[in-house]
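Engineer: Could you look at this predicted model? Sequence included:
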Amino acid sequence: MLHSLLRYTRQIGFDVRWLVIDGTPGFFHITKRIHNALHGSRGDGTPLGREERTLFEAVSQSNTAALQTLVQPRDIVICHDPQTAGLVPALLRRGALVIWRCHIGHEQHESIEVERGWQFLRPYIEEVPLAVFSRAAYAPSWVRGKRTMVIPPNIDPFSAKNLVMAPEAARAILSFVGLIEKTSDDDAPPAFVRDDGSVSRMARKADMLRVGQPPATDTPLVVQVSRWDAMKDPLGVLHGFARLITQEASLHAELVLAGPGTRAVTDDPEGAQVFGELQQAYLALPEAQRRRVHIALLPMEDLEENAAIVNALQRHAHIVVQKSLVEGFGLTVTEAMWKGRPVIASAVGGILDQIRDGTDGLLLQDPSDLDAFAALLRRVLEDPALAQRLGQAGYERVRDHFLSICALELWAGLLEQLTEHEQRGAAHRATP
């Protein structure tokens, strides 16, 4: 998302840069705890007290020092999500025009965990002149009265993850990395187009947890692509699919759960634990069920190669699911809809802004209801006309509302308002 917006803004003449915060494992443990809390989850239940605040501020201070030579007065700085909140006060003192951009949140602010997360962040972002949220309901009450704006996340249709890909090209990639069987029918090389337009060949394979052979090319695949995060509920997807094939043993479908290598996402310390729990649950299934489940750790050394694998997998899928327990927005839903795939997703968070139930996809009203989840899967698998209708409507929904060009227009208007407001304030201060 940020890659594409930066390319567009540079192309029209803005000097824009993307800086990545540097932190210790302890810092990222704290920010993951905040991330969970803002979603209404206890996560690992560790405290967010004085000791955690001291470490959070120490890491923020070291990053602020690194910014001193880069950020000048009246520069516009957009700080993304809890990890950067500690930078805001110092940037404001330096005279920068600061926007805090929050992609996550929860509608139920009376939740103890949601309140705990916001109270930890409040000293750093309370004075920010402008805050941007993915949904209006995510803004806490002490921010809503100030300058706030809603900008939904978006996808870039020209990125490696979303670029149009022919079916034979998708099959070539998936067979090379080990996600579907190899056949002699397709002569297409396992190649992909990078964001700069150059073409590269696949170089890495996925690490697979499976029994037996990869799915045949014509096997309908139910696919969820996500981080190994308890809130994405891969365990629920596994058990819901197992329930489906127990009830309908003759149903011709297999499940692919795909995510990053467990050591690849350094700011998500819970990923390895969640994957370990998923692995144990998978191994506990009867062998006949395990043969119809494929768990993939996708290579992350080359992020555009990874994006192309996700692109191919989503395009090849018969159904894409996102059975999140909570969700900030859910860009994997947007990506799948853009590719014309029928989507089944939980009726939570920003997914509700994307899918109109029965029109652009199907919503699982209770994410914990495995029988209802299995019933939705069966409904789409048994009704090709429904699958096609949902896929086409989903594509049109994303085309009209959730592409990067839409976000670019919103950001342009927002920055214009911010600079005009600052100029009026400066003129007022200069008046004797």
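Structural biologist: Nice, I can see it.

Engineer: C-alpha only now, for contacts and for neighbours.
Structural biologist: Noted.

Engineer: Give me the pLDDT value at the spatially most central residue of the chain.
Structural biologist: Computing the C-alpha centroid of the chain and ranking residues by C-alpha atoms, centre = their mean puts residue 331 first, at 4.8 Å. We have a pLDDT of 94 for residue 331.

Engineer: Would you mind listing the buried residues in stretch 269-286?
Structural biologist: In terms of neighbour count (16 or more other C-alpha atoms under 10 Å), stretch 269-286 has its buried residues at 269, 270, 271, 272, 274, 275, 278, 282.

Engineer: confidence score at the closest residue to residue 191 other than its chain neighbours?
Structural biologist: Spatially, and ignoring its direct neighbours in sequence, residue 191 is nearest to residue 201 (4.1 Å; C-alpha to C-alpha, 6 or more residues apart in numbering). With respect to pLDDT, residue 201 scores 96.

Engineer: correct me, but residue 201 touches residue 177?
Structural biologist: No. The pair residue 201 / residue 177 is not scored as a contact, 11.4 Å apart, by C-alpha atoms under 8 Å.

Engineer: any idea how far residue 60 is from residue 179?
Structural biologist: Using C-alpha to C-alpha, to the nearest Å, residue 60 is found at 41 Å from residue 179.

Engineer: Pick out whichever of the two has more residues nearby.
Structural biologist: Using other C-alpha atoms under 10 Å as the criterion, residue 60 and residue 179 rank with residue 179 on top: 27 against 23.

Engineer: May I see the domains of this structure written out as residue ranges?
Structural biologist: 2-154+404-430, 167-401 (automatic domain parsing).

Engineer: Between the two ends of the longest one, how far is it?
Structural biologist: It stands for domain 167-401. For domain 167-401, the end-to-end distance is 26 Å (C-alpha to C-alpha).

Engineer: Please enumerate the strands of the stretch 151-300 of the chain.
Structural biologist: 191-193, 199-201, 207-209, 221-225, 254-260, 293-298 (DSSP state E, counting those that start in this stretch).

Engineer: actually the stretch 1-150 of the chain, not the one I wrote
Structural biologist: Counting by DSSP E, counting those that start in this stretch, the strands of the stretch 1-150 of the chain are 76-80, 97-102, 130-133, 148-150.

Engineer: What is the longest one packed up against?
Structural biologist: Contact partners of strand 97-102 among helices and strands, from 3 or more C-alpha pairs under 8 Å, 6 or more residues apart in numbering; DSSP states H and E: strand 76-80, helix 88-93, strand 130-133.

Engineer: Next: the shortest one.
Structural biologist: Using 3+ C-alpha pairs under 8 Å, 6+ apart as the contact criterion, the secondary-structure elements in contact with strand 148-150 are strand 130-133.

Engineer: For the strand it packs on, give the mean pLDDT please.
Structural biologist: 93.

Engineer: do stretch 358-377 as well
Structural biologist: On average, stretch 358-377 scores 97.

Engineer: Now do the buried residues in that stretch.
Structural biologist: For stretch 358-377, by 16+ other C-alpha under 10 Å, it's 360-364, 367-368, 370, 372-377.

Engineer: again, but for stretch 195-211
Structural biologist: In stretch 195-211, residues buried by neighbour count (16+ other C-alpha under 10 Å) are 202, 204, 205, 206, 207, 208, 209, 210.

Engineer: Same check on stretch 80-93?
Structural biologist: Quick answer for stretch 80-93 (16+ other C-alpha under 10 Å): 82, 83, 84, 85, 86, 87, 88, 89, 90, 91, 92.

Engineer: Give the residue spans of the stretch 301-432 of the chain that score low on pLDDT.
Structural biologist: When residues are selected by pLDDT under 70, those of the stretch 301-432 of the chain lie in 421, 424-432.

Engineer: how about 80 then?
Structural biologist: Scanning the stretch 301-432 of the chain for pLDDT under 80 picks out 417, 419-432.

Engineer: Would you state the helices of it in chain order?
Structural biologist: According to DSSP state H, counting those that start in this stretch, the stretch 301-432 of the chain carries its helices in the segments 303-316, 331-338, 351-354, 370-381, 384-401, 404-430.

Engineer: okay, those, which one's buried deepest?
Structural biologist: helix 331-338 (a mean of 26; mean count of other C-alpha atoms under 10 Å).

Engineer: what's it packed up against?
Structural biologist: Looks like helix 331-338 contacts helix 303-316, strand 319-322, strand 343-346, helix 351-354, helix 384-401 (3+ C-alpha pairs under 8 Å, 6+ apart).

Engineer: how distant is the longest one from the center of its chain?
Structural biologist: The one in question is helix 384-401. When distances are taken as C-alpha atoms, centre = their mean, to the nearest Å, helix 384-401 is centred 20 Å away from the chain's centroid.

Engineer: which strands and helices sit next to that helix?
Structural biologist: helix 331-338, helix 370-381.

Engineer: where's the residue nearest to the centre of the chain relative to residue 5, distance?
Structural biologist: Counting by C-alpha to C-alpha, the gap from residue 331 to residue 5 is 15 Å.

Engineer: who touches stretch 396-403?
Structural biologist: Contact with stretch 396-403 is made by 152, 153, 154, 155, 156, 157, 334, 337, 338, 354, 360, as judged by C-alpha atoms under 8 Å, 6 or more residues apart in numbering.

Engineer: Relative to the whole chain's centre, how far out is it?
Structural biologist: 17 Å.

Engineer: Stretch 67-84 too?
Structural biologist: Counting by C-alpha atoms, centre = their mean, stretch 67-84 comes out at 23 Å from the chain centroid.

Engineer: Give me the mean pLDDT for that stretch.
Structural biologist: 93.

Engineer: in it, what counts as buried?
Structural biologist: Counting neighbours by 16+ other C-alpha under 10 Å, stretch 67-84 gives 71, 76, 77, 78, 79, 82, 83, 84 as buried.

Engineer: tell me the two of those that are most distant?
Structural biologist: The largest separation in those, counting by C-alpha to C-alpha, is between 71 and 82 at 19.9 Å.

Engineer: need the helices for the stretch 51-200 of the chain, in chain order.
Structural biologist: Under the criterion DSSP H, counting those that start in this stretch, the stretch 51-200 of the chain contains helices at 88-93, 112-125, 141-144, 167-177.
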